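Undergrad: Kindly return the folded structure for what I paste below:
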Amino acid sequence: MDIAQYTENEIRKNLALLEIHLKQAPFSDASFCGECINKHILLLEGFAEEGLTACTDCDTKKYKILFFNLNDLKDQDYQKDGVKLAQQIRRLRKIFVPCDGDNVGMKDRDDVKEKIKELKEELKLSKDAKTKERLE
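TA: As a prediction, this is how the structure comes out:
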């Protein structure tokens with residue numbers, strides 16, 4: 001495995017862990033979650049820097065997107081907005097998921113599952129009497 005593959009692999013791992021910590025943050029100890037989340041952000045910043053320098057024949061755009069999103073994520077209220085932030089990290093993680101070989105279509109399948117979940121929730125809300133009253 002070369003340095004670029006290693007770096008992307010580590011980015012995927014840390015994004016997955018960051019996503020989990022953000023999902024758990026609203027239900028966990030604030031200081032502990034904050035420390036873990038900040039640790040993963042710091043690691044991801046380092047791997048993004050490494051990716052920019054190790055990437056000789058690849059598109060560096062995804063590393064820049066990662067930097068931008070990590071800067072937005074810093075110092076947020078993880079307990080209040082953890083689930084919403086986890087969804088943003090999930091979308092970001094998909095940029096780093098390879099879509100070749102056995103992983104063909106993984107992004108699409110996950111996106112479809114997420115969209116189905118959203119549509120089911122919208123359908124549920126549309127059947128709610130209070131929601132109907134508000135919309136009329």
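
Undergrad: Next secondary structure after the lengthiest helix in the chain?
TA: As far as residue count goes, and with DSSP state H defining each element, the longest helix of the chain is helix 30-54. As assigned by DSSP states H and E, the chain's next helix or strand after helix 30-54 is helix 61-73.

Undergrad: can you give me the mean pLDDT across that next one?
TA: Averaged across helix 61-73, the pLDDT comes to 90.

Undergrad: care to break this structure down by domain?
TA: By the record's domain assignment, the chain is partitioned as 3-97, 100-136 (automatic domain parsing).

Undergrad: Between the two ends of the first one, how far is it?
TA: End-to-end span of domain 3-97 (C-alpha to C-alpha, to the nearest Å): 16 Å.

Undergrad: mind saving the C-alpha coords of stretch 18-25 as CSV?
TA: Below are the C-alpha coordinates for stretch 18-25, written out as CSV (Å, rounded to 0.1, in the frame of the first residue of the first chain):
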residue,chain,number,x,y,z
LEU,A,18,-16.1,10.9,14.0
GLU,A,19,-19.6,10.2,12.6
ILE,A,20,-20.2,7.7,15.4
HIS,A,21,-19.0,10.1,18.1
LEU,A,22,-21.2,12.9,16.8
LYS,A,23,-24.3,10.6,16.7
GLN,A,24,-23.6,9.6,20.3
ALA,A,25,-22.8,13.2,21.5
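
Undergrad: Which positions in it come out as buried?
TA: Neighbour-count burial for stretch 18-25, counted by 16 or more other C-beta atoms under 10 Å, picks out 18, 19, 21, 22, 23, 24, 25. Where C-beta positions appear, they are placed from N, C-alpha and C, glycine not excepted.

Undergrad: Buried deepest among the domains of the chain, which one?
TA: By mean neighbour count, with neighbours taken as mean count of other C-beta atoms under 10 Å, domain 3-97 ranks first of the domains of the chain at a mean of 17.

Undergrad: does the residue positioned nearest the centre of the chain count as helix, strand or coil?
TA: Of all residues in the chain, the one closest to the mean position by C-alpha atoms, centre = their mean is residue 89, 1.5 Å from it. Of the three states, residue 89 takes helix under DSSP: H, G, I helix; E, B strand; the rest coil.

Undergrad: Before I go, just wanted to say thanks for your time.
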